[in-house]
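Peer 1: Just to be clear, the model below is a prediction. Sequence and coordinates:
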Amino acid sequence: MTEPTEQEMLRAAAALGPFVRRWHLPLNPEDMDEIAYAVLRYARTDNDPDEIVVAVEQQIDQHESRARQLLEAMQAQIDRRRREQGRGSDDQSR
């Protein structure tokens, strides 16, 4: 199984873009990249369709896990900044 090249990924994302826009699909660029990757990667295999479904489900799980971790890290940073700003305003009010 070969990995899609960077150029193939760019062309696949370009082809997906009109569908996403026209059909108002709620996808961000990272989601589009995941879809493009799965289509390109598994279109070239001799895998059974059931095996492809399992592999892509795992890919989606990993993508969602990374997205959750990123969101949690971003939220933690926002919370830290708010706490720091809150302490700064407490110091100024004294």
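Peer 2: Structure's in. What do you need? Numbers count the residues shown, from 1 in each chain.
Peer 1: average pLDDT across the helix or strand encompassing residue 77?
Peer 2: Residue 77 belongs to helix 49-93 when elements are defined using DSSP states H and E. Averaging the model's pLDDT scores along helix 49-93 yields 91.
Peer 1: gap between that helix and the chain center?
Peer 2: Centroid separation between helix 49-93 and its chain, computed with Cα atoms, centre = their mean, to the nearest Å, is 12 Å.
Peer 1: how many other residues sit next to residue 31?
Peer 2: 17 (other Cβ atoms under 10 Å). Where you see a C-beta, it was placed from the backbone N, CA and C, and this is true even at glycine.
Peer 1: Taking the centroid of this protein, which residue is nearest it?
Peer 2: Nearest to the mean C-alpha position of the chain, by Cα atoms, centre = their mean, lies residue 30 at 3.8 Å.
Peer 1: So that one sits against residue 64, correct?
Peer 2: No: taking contacts as Cβ atoms under 8 Å, residue 30 lies outside contact range of residue 64: 10.8 Å.
Peer 1: secondary structure class for the residue nearest to the centre of the chain?
Peer 2: For residue 30, the secondary-structure state derived from DSSP: H, G, I helix; E, B strand; the rest coil is helix.
Peer 1: so what's it up against?
Peer 2: Residues in contact with residue 30 (Cβ atoms under 8 Å, 6 or more residues apart in numbering) are 63, 67.
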